[in-house]
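No sequence on hand, only this structure:
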């Protein structure tokens, strides 16, 4: 006679086999991401989280955790540490503004990876490679300096073993500068997707995320370095100063990035 309050052997074994995989969304919330475009981004991320929950529920080997960064002129984390997708509730983005500062996004990601913030997933256990999804609708507003921040990020061991994908929407889908920056971020083994039709964003983000998860799950498990340092919660308030008379400036339009002569995007996936 079985005790219904006691887990069966198979469920215990299955739980022991599961290893953590962190999916990181880096979401551009600059001034051009507004109106229908913002609604499409919120819908796509919400849809992707739902797809990850289904994946998590049906997997005997993978436990999905999510982390979300918003970036514009500055970068903030909605999740001070990654959260189990089974318990995560996505709250829609409501505030946008500022430029598309890639360097601050890369610096913030580097700090998070270097600090061992993702290591809370289990010091003694092994983990799957994190999956990074960078979503933007614009070219860099810091074209002369983001490369330096990206070079530092690429030296971080955890970043080198991540699965990476870039997604360009709106004007970013036809911008050589935007596509080049995403290609530099993803590297030779990553993928860059683009769409000028925001109505297709739900399906595109879902496919991108699930493809990244599948690719990570096929890689050898990695040992996660132990860390006792849990970063303190970060406020969601933007750090951008309110400057009188600057409220109506379109940073993407009025401050275009430097475009070297002859610069062309040689290839796009």
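Okay, I see it. Keep in mind it's a predicted model, so treat the numbers as computed, not measured. Numbering: from 1, shown residues only.

Can you show me the helices along the stretch 1-150 of the chain?
With DSSP state H, counting those that start in this stretch applied, the stretch 1-150 of the chain shows helices at 9-17, 36-58, 102-114, 146-154, listed in chain order.

So which bits of the longest one are buried?
Of the residues in helix 36-58, those scored as buried under the neighbour-count criterion (16 or more other CB atoms under 10 Å) are 37-38, 40-49, 51-53, 55-56. For glycine as for every other residue, the C-beta is placed from the backbone atoms N, C-alpha and C.

Same check on the last one?
For helix 146-154, the neighbour count (16+ other CB under 10 Å) marks 146-147, 149-150, 153 as buried.

quick one: average confidence on it?
Helix 146-154 shows a mean pLDDT of 96.

Repeat that for the second one.
The average of the pLDDT scores along helix 36-58 is 97.

for stretch 89-98, same thing?
95.

Give me the distance from it to the chain's centre.
Here stretch 89-98 shows a centroid-to-chain-centroid distance of 14 Å under the convention CA atoms, centre = their mean, to the nearest Å.

now the end-to-end length of it.
For stretch 89-98, the first-to-last residue distance is 26 Å (CA to CA, to the nearest Å).

Give me the contacts around it.
With contact meaning CB atoms under 8 Å, 6 or more residues apart in numbering, stretch 89-98 is reached by 27, 29-34, 38, 41-42, 45-46, 49, 68, 70, 72-74, 78, 238, 240, 251.

Filter those residues down to the buried ones.
27, 29-33, 38, 41-42, 45-46, 49, 68, 70, 72-73, 78, 238, 251.

residues touching residue 181, list them.
Going by CB under 8 Å, 6+ apart, residue 181 touches 102, 139-140, 146.
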